[in-house]
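>>> Okay, structure incoming, though there's no sequence with it:
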């Protein structure tokens, strides 16, 4: 527990069996698949003598957890990075671990809309069942990239006309606008914001 005189982090409020925190700082993020995992967040808890105690809680993220950005668009868990801020609602039922754990119902992440990169590469594989697109060197998995396709991902042709995941085929060239963040897995994984199918 850290004591500070003032802090920008929000405080927790409770309504029935639901707790809510605004403007909590993300201290750590873990995900094995970009959609489930956990966030460790810190929030301000008023103490004695006008002191502010900084408390930690682990929010467990399941498939049923709503993950959106501040614009209401669906995002993957790996879009939420250490040092960013979130608003979250979660269960009042917590473990007695350190930090305590709770199941998150909804997480709204304050993501940087300008935090992206653009990569042009050839499609290796389209995994429609798991919503992944792979690009890169077919002979070297460490030189590949796996892109997560969310409901917020735009798939378009060069004229901006909407396409579907089924329109993406191995061997086709694409220009992908994607998150700066990527996992340390092999192949690395990141979230695709826009996939543009190129004609050449």
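Perfect, thanks for sending it. It should be emphasised that the depicted structure is a prediction, and the values quoted were computed from it without experimental measurement. Numbers count the residues shown, from 1 in each chain.

>>> pLDDT score for residue 113?
Residue 113 carries a pLDDT score of 58 in this model.

>>> when you give positions from now on, start the count at 38
Sure thing, new numbering starts at 38, so read that last one as residue 150.

>>> hang on, residue 96 packs against residue 144?
Yes - counting by CB atoms under 8 Å, residue 144 is a contact partner of residue 96 at 6.9 Å. For the C-beta atoms, the positions are set from N, CA and C on the backbone; glycine is no exception.

>>> any shared contact partners between the two?
Counting by CB atoms under 8 Å, 6 or more residues apart in numbering, the residues touching both residue 96 and residue 144 are 76, 125.

>>> quick one: least confident helix or strand in this protein?
With mean pLDDT, DSSP states H and E as the measure, the helix or strand of the chain carrying the lowest mean pLDDT is strand 39-41 (a mean of 36).

>>> Stretch 78-85 - what's its average pLDDT?
Mean pLDDT, stretch 78-85: 80.

>>> what domains does the record give for this protein?
Per automatic domain parsing, the domain ranges recorded for the chain read 39-146, 153-234.

>>> Including mean neighbour count, could the ones you listed go into TSV?
Supplementary listing: these in TSV, determined by neighbours: other CB atoms under 10 Å:
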stretch	mean neighbour count
domain 39-146	16
domain 153-234	16
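
>>> hey, least reliable of the ones you listed by pLDDT?
The stretch with the lowest mean pLDDT among the domains of the chain is domain 39-146, which comes in at a mean of 84.

>>> any idea whether residue 236 is helix, strand or coil?
When the structure is reduced to helix, strand and coil (DSSP: H, G, I helix; E, B strand; the rest coil), residue 236 reads as coil.

>>> and what of residue 139?
strand.

>>> Doesn't residue 130 lie inside a strand?
No - counting by three-state DSSP, residue 130 falls outside a strand, being coil.

>>> Let me know the outermost residue of this structure.
residue 86 (37.4 Å; CA atoms, centre = their mean).

>>> Can you report phi and psi for it?
Recorded main-chain torsions at residue 86 are phi 60, psi 40, according to degrees, to the nearest 10.

>>> For residue 141, list each beta-bridge partner.
For residue 141, the beta-bridge partners are residue 127 (DSSP bridges).

>>> Return the distance of residue 148 relative to residue 138.
From residue 148 across to residue 138, the span is 24 Å (CB to CB, to the nearest Å).

>>> what's the answer for residue 182, then?
The span separating residue 182 from residue 138 equals 32 Å under the rule CB to CB.

>>> Same check on residue 189?
Distance of residue 189 to residue 138, given as CB to CB: 28 Å.

>>> Can you give me the end-to-end span of stretch 206-213?
This stretch, stretch 206-213, spans 14 Å end to end (CA to CA, to the nearest Å).

>>> ok, and what's touching it?
Counting by CB under 8 Å, 6+ apart, 155-163, 170, 172, 184, 205, 229, 231-235, 237 sit against stretch 206-213.

>>> Check whether residue 234 really touches residue 204, as I assumed.
Yes - because the distance of 6.5 Å satisfies CB under 8 Å, residue 234 is recorded as touching residue 204.
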